[in-house]
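**Student:** got a predicted model here, sequence first, then my questions.
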Amino acid sequence: MKSSIVSLIFLFGFSQIQAKFVPYIYDGQPMGPKDIPFAVGVMLHRPQNPGWCGGALISRNYVLTAAKCALNVPAASVLLGASDVNRANQTIPVAQIIPHPFFDTSSEKNDIALLKLSVPANLSDIVGISRLPSRAQKKLSFTDKLGTSYGWGKGGKATVPVSTLHAVNETVITNLSCLTKYPAYITSSNLCTGSDNGTPCTGDEGGALFFTDTDGPLPQVVFLSNPLQN
């Protein structure tokens with residue numbers, strides 16, 4: 001079983017370790033334009049080391065992503081409605097990059113950031129806002145609950161994504177199941193997922209693990225996904 005660690009965005013950020021490189025959301029399924037309308041591709045404009053991350057649109061003006069995607073980045077742009085990155089519905093420059101002030105690069109605690117868009121996103125059937133978790137969900141363990149993570153990530157040192165958004169279903173497992181493999185990274189702000197069908201990979205940092213909620217039209221982002229694998 002492949003496993004990954006994610007963290008509660010309403011408590012801290014998330015920590016990520018990459019144990020091996022694989023092409024993208026490993027064994028995931030390609031997504032269509034309307035499947036995950038809040039999925040965001042984040043282009044990192046670093047002169048010597050351009051990069052790519054995922055994100056989630058949480059309002060017309062803000063994208064939620066990983067703090068590691070926001071460090072030493074002089075400029076960034078986001079792609080919306082980009083199930084195919086070559087046919088993105090909108091490309092918007094980022095006006096302000098806001099990493100968590102207490103992000104720890106060693107433990108990767110508080111690995112979360114906001115990206116303020118230079119102009120509001122235009123919402124449609126392929127560009128939508130995801131709801132954030134309620135306060136009541138802080139008390140939930142989500143153990144055995146099936147979630148979905150997504151991304152365009154690519155393995156190795158590639159600086160461009162795969163062209164098509166992919167997603168994979170993952171089941172939340174107990175933190176105890178992960179402690180033996182990742183004792184330095186499992187805290188009360190983390191949860192683990194396991195799947196025989198696929199897992200997030202390099203370049204998928206900042207994307208969301210989300211759970212479909214029955215009381216709203218859009219899935220609800222509860223955690224940022226993170227491609228720690230085994």
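**Tutor:** Nice, I can see it.
**Student:** gap between the residue nearest the centre of the chain and A184?
**Tutor:** Compute the mean C-alpha point of the chain, and by Cα atoms, centre = their mean the closest residue is G207, 1.4 Å away. Between G207 and A184 the computed distance is 23 Å (Cβ to Cβ, to the nearest Å). Every residue, glycine included, has its C-beta placed from N, CA and C.
**Student:** so where's this structure uncertain?
**Tutor:** Screening the chain residue by residue with the criterion pLDDT under 70, one finds the ranges 1-27, 138, 153-161, 195-204, 213-230.
**Student:** so what are the sheet partners of the lengthiest strand in the chain and their directions?
**Tutor:** When every strand of the chain is counted residue by residue (DSSP state E), the longest turns out to be strand 90-99. When pairing is defined by DSSP bridges, strand 90-99 lines up against strand 76-80 (antiparallel), strand 113-117 (antiparallel).
**Student:** show me what it is in contact with.
**Tutor:** 63, 67, 70-71, 73, 75-81, 112-119, 121-122, 127 (Cβ atoms under 8 Å, 6 or more residues apart in numbering).
**Student:** could you identify the buried members of these?
**Tutor:** Of all these considered here, the ones buried according to neighbour count by 16 or more other Cβ atoms under 10 Å are 63, 67, 70, 73, 76-81, 112-115, 117, 121, 127.
**Student:** re the thing from before, pretty sure the residue nearest to the centre of the chain contacts G151?
**Tutor:** Yes. If you go by Cβ atoms under 8 Å, G207 and G151 touch, sitting 4.3 Å apart.
**Student:** circling back: how about the longest strand of the chain as PDB, C-alpha atoms only?
**Tutor:** C-alpha atoms of strand 90-99 as PDB (Å, rounded to 0.1, in the frame of the first residue of the first chain):
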ATOM      1  CA  GLN A  90      -7.700  31.900 -16.900                       C
ATOM      2  CA  THR A  91      -4.000  32.700 -16.200                       C
ATOM      3  CA  ILE A  92      -3.700  35.300 -13.400                       C
ATOM      4  CA  PRO A  93      -0.600  36.800 -11.900                       C
ATOM      5  CA  VAL A  94      -0.200  36.600  -8.200                       C
ATOM      6  CA  ALA A  95      -0.100  40.000  -6.400                       C
ATOM      7  CA  GLN A  96       1.100  38.800  -3.000                       C
ATOM      8  CA  ILE A  97       2.700  35.600  -1.800                       C
ATOM      9  CA  ILE A  98       1.900  34.900   1.900                       C
ATOM     10  CA  PRO A  99       3.600  31.900   3.500                       C
END
